[in-house]
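Student: I would like the atomic coordinates for the input below:
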Amino acid sequence: MRFLAARLVSRYDQMLQKRPLLTQCITAGTLCALGDVLAQQVFEKPEVHNYARTLKMGGFGFFYYAPLCSKWMVLAERLFPGTSPASMIKKVVVDQLIISSILMTCFLIINEVIDGRGVDSGLKKIEKDFTTMIVANWQVWVPTQFINFYFMPLHYRVIYINVVAFFWNIYVSWKAHSHLR
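Tutor: This is a model prediction of the structure:
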């Protein structure tokens with residue numbers, strides 16, 4: 001079993017070296033979709049699984065979340081190189097005050113638009129849920145990003161984010177689709 005796990009990690013690392021963005025997009029899309037499956041089946045327990053919603057969450061991870069995070073990780077290292085306390089604080093502050101706010105705002109609007117409710121509905125969703133979600137975000141992501149920026153090599157930062165985001169996305173999916181309950 002350990003041999004199989006080692007081979008899978010080795011293969012993933014090879015894919016990450018050859019096609020980093022595509023590998024990160026596939027990983028994020030898969031984990032976002034799986035997070036939605038868990039949000040629906042474990043917490044919401046609908047009579048019928050909403051496959052369109054799961055596909056939408058996977059698409060969000062693949063087309064939006066992973067590319068933005070991938071570019072941000074590279075830019076953060078260029079802007080604030082190293083792991084000094086000052087560099088770490090700058091990375092996390094920019095990540096949490098700017099990047100996370102953009103990600104969450106766009107997610108809430110895109111989610112409403114894709115569901116056919118329009119931008120105005122997305123703006124209302126932001127007004128209703130943004131503060132609660134961003135505070136929860138900071139509780140999870142501030143320590144997560146300190147660990148990420150300090151310990152993770154640049155090429156592993158997005159996968160680390162994706163693993164933590166798997167659990168985070170369960171909450172985000174549940175909160176974003178609260179109008180369905």
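
Student: now residue 83: closest residue in space that isn't a chain neighbour?
Tutor: residue 150 (5.1 Å; Cβ to Cβ, 6 or more residues apart in numbering). To be clear about C-beta, it is placed using only N, CA and C from the backbone, and glycine gets the same treatment.

Student: quick one: average pLDDT of whichever strand or helix holds that neighbour?
Tutor: Applying DSSP states H and E as the criterion places residue 150 in helix 118-151. For helix 118-151, mean pLDDT is 94.

Student: can you list the buried residues in that helix?
Tutor: Neighbour-count burial for helix 118-151, with 16 or more other Cβ atoms under 10 Å as criterion, is recorded at 121-122, 125-126, 129-130, 133-134, 137, 141, 144-146, 148-149.

Student: quick one: the helix or strand just after that helix to chain centroid distance?
Tutor: Sequence-wise, the next helix or strand downstream of helix 118-151 (DSSP H and E) is helix 157-176. Relative to the chain's own centre, helix 157-176 is displaced by 5 Å; criterion: Cα atoms, centre = their mean, to the nearest Å.

Student: tell me what angle helix 157-176 forms with helix 118-151.
Tutor: Using axes from the mean of the first three to the mean of the last three Cα atoms, to 10 degrees, the inter-axis angle of helix 157-176 relative to helix 118-151 is 140 degrees.

Student: for the chain, which spans come out with low pLDDT?
Tutor: 178-181 (pLDDT under 70).

Student: hang on, the residue nearest to residue 83 packs against residue 88?
Tutor: Yes. Applying Cβ atoms under 8 Å, one finds residue 150 in contact with residue 88, separated by 6.1 Å.

Student: what's the helix or strand for residue 110?
Tutor: Counting by DSSP H and E, the element that carries residue 110 is helix 100-114.

Student: which secondary structure element contains residue 26?
Tutor: helix 20-38.

Student: for that helix, which positions count as buried?
Tutor: 20, 23-29, 31-38.

Student: of the residues you listed, closest to residue 74?
Tutor: Of all those, residue 74 sits closest to residue 20, with 9.8 Å by Cβ to Cβ.

Student: can you tell me how far the closest residue to the closest one other than its chain neighbours sits from residue 86?
Tutor: Leaving aside its sequence neighbours, residue 20 sits nearest to residue 155 (Cβ to Cβ, 6+ apart; 6.5 Å). Relative to residue 86, residue 155 is positioned 24 Å away (Cβ to Cβ, to the nearest Å).

Student: same check on residue 127?
Tutor: Relative to residue 86, and taking Cβ to Cβ, residue 127 is found at 35 Å.
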